[in-house]
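Engineer: missing the sequence, but the structure's below:
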Ligand SMILES: [Zn+2]
């Protein structure tokens, strides 16, 4: 090859390399346990918000979240998702617009859902919230096996099943959980990061464990700058089961404010700004409307397979609310791997990346 030709060859490899370099350097994945697509897309549900059985103070709750109109009600409950993520990123699961997202596991409860999110496989063997250490390899294992990502992941969550779901004995990923003790009191339990020993704050008589999870996660992330962080919140599911519609909506509203705060932090942090992706999703849906079925989820509650996903930041298209397509929970792990420029584990039943939202 003469000098000119080799120079052109060199130049073209540089161009190709630049095109191939992933825009995403960091991903923060957040889950809101059991938050329904109904409230996310349609706002407060008339039958539920007017129920004196489900709501302690109907007038006060309606003042906060009821407008009589789906769009403005949803913006009151989750303003960051609708005013920022929907305008700059992509949202999946608006069933009225024919964008559908489902879990593929048959159980429609938490451990099977989180396994599907992390491993890309709705494994029929993973059938209990008490399931032991997860035998499936996950996005955490994939990243730990790569020198560029090794020891740069973390998980912080309100539920103590996550060390088993992530199987941190196998991969060494730090998993901090924030649990309630047997008396139902919050304990800082396994949140052992640099002397954290806080009492859970309470509000309106409720112990706000998710607020502790968030504050801990943010402190960890801002000090350590992990490349992959998972934050698992739980109160939406907890208050749903209790049939506490006011606390369920207030929790979602609170989680949305954490997301706003997290995004502000990301976009003002020199290491994260413009190269970080934020993904929010849930582990399962809940029953349909009606005063009882919305509270629960599980194998017999078929509509609980319906979920949603919102994404913003590096590598994510600005599609707004997707108007069509069928998507699955098992696609999330491969989507994260693709954002990092990596190939996820392959297998007949493992989901493919959601290319519709990827740049
Ligand atoms: Zn539940």
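Structural biologist: Thanks, I have it. Because the structure is a prediction, the values reported are computed rather than measured. Numbers count the residues shown, from 1 in each chain.

Engineer: Pick out the residue of the stretch 101-250 of the chain closest to the ion.
Structural biologist: Distances from the stretch 101-250 of the chain to the ion, computed as Cβ to the ion, single out residue 237 as the nearest residue at 4.2 Å. Every residue, glycine included, has its C-beta placed from N, CA and C.

Engineer: Look up which helix or strand that residue falls in, please.
Structural biologist: Counting by DSSP states H and E, the element that carries residue 237 is helix 235-242.

Engineer: try residue 256
Structural biologist: Residue 256 belongs to helix 245-268 when elements are defined using DSSP H and E.

Engineer: Quick check on residue 83: phi, psi?
Structural biologist: The phi and psi torsions at residue 83 (degrees, to the nearest 10) take the values phi -90, psi -20.

Engineer: Near the closest residue to it other than its chain neighbours, how many residues? Count them for me, please.
Structural biologist: Counting by Cβ to Cβ, 6 or more residues apart in numbering, residue 75 is the residue found nearest to residue 83 once chain neighbours are left out, at 6.6 Å. Using other Cβ atoms under 10 Å, residue 75 has 18 other residues around it.

Engineer: So residue 75 belongs to a helix, correct?
Structural biologist: Yes - secondary structure assignment places residue 75 in a helix (DSSP: H, G, I helix; E, B strand; the rest coil).

Engineer: change the start of the numbering to 19 and stick with it
Structural biologist: In the new count, where the first residue is 19, that last one comes out as residue 93.

Engineer: Touching, it and residue 100? I think so.
Structural biologist: Yes - checked against Cβ atoms under 8 Å, the pair residue 93 and residue 100 is within contact range at 4.6 Å.

Engineer: Please work out the residue of the stretch 19-168 of the chain nearest to the ion and name it.
Structural biologist: The shortest separation between the stretch 19-168 of the chain and the ion is 5.0 Å, found at residue 52 (distances taken as Cβ to the ion).

Engineer: which residues does that residue contact?
Structural biologist: For residue 52, the residues meeting the contact criterion (Cβ atoms under 8 Å, 6 or more residues apart in numbering) are 128, 254, 255, 258, 300, 301, 302, 303, 304, 315.

Engineer: secondary structure element for residue 181?
Structural biologist: Using DSSP H and E, residue 181 maps to helix 180-184.

Engineer: which parts of that helix are buried?
Structural biologist: Applying a neighbour-count criterion of 16 or more other Cβ atoms under 10 Å, the buried positions in helix 180-184 are 180, 181, 182, 183, 184.

Engineer: just checking, the last one touches residue 154?
Structural biologist: No - taking Cβ under 8 Å as the definition, residue 184 is not a contact partner of residue 154, at 10.6 Å.

Engineer: which residues do these two both contact?
Structural biologist: residue 136.

Engineer: Can you tell me the closest non-neighbouring residue to whichever residue of the stretch 269-377 of the chain sits closest to the ion?
Structural biologist: Of all residues in the stretch 269-377 of the chain, residue 315 sits closest to the ion, at 5.8 Å by Cβ to the ion. Spatial nearest neighbour of residue 315, chain neighbours left out: residue 322 (3.5 Å); criterion: Cβ to Cβ, 6+ apart.

Engineer: pLDDT below threshold where in the stretch 269-377 of the chain?
Structural biologist: Applying pLDDT under 70 to the predicted model, the residue ranges of the stretch 269-377 of the chain that meet it are 309.

Engineer: Up against the ion, what does it have?
Structural biologist: Residues of the stretch 269-377 of the chain lying close to the ion (Cβ under 5 Å from the ion): none.

Engineer: one more time with 6 Å, if that's ok
Structural biologist: residue 315 (Cβ under 6 Å from the ion).

Engineer: Do a quick rundown of the strands in the stretch 269-377 of the chain.
Structural biologist: Taking DSSP state E, counting those that start in this stretch as the criterion, the stretch 269-377 of the chain contains strands spanning 294-299, 327-331, 338-339, 343-346.

Engineer: and these as TSV, adding mean neighbour count?
Structural biologist: Conversion of the strands of the stretch 269-377 of the chain to TSV gives the following (neighbours: other Cβ atoms under 10 Å):
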stretch	mean neighbour count
strand 294-299	25
strand 327-331	25
strand 338-339	16
strand 343-346	17
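
Engineer: TSV for the ones you listed, including distance to residue 277?
Structural biologist: As requested, the strands of the stretch 269-377 of the chain are exported to TSV (distance: least, Cβ to Cβ, whole Å):
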stretch	distance to residue 277
strand 294-299	6
strand 327-331	9
strand 338-339	17
strand 343-346	20
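
Engineer: can you map out the helices along the stretch 119-268 of the chain?
Structural biologist: Listed in chain order, the helices of the stretch 119-268 of the chain (DSSP state H, counting those that start in this stretch) span 128-137, 157-162, 180-184, 186-189, 227-242, 253-260, 263-286.
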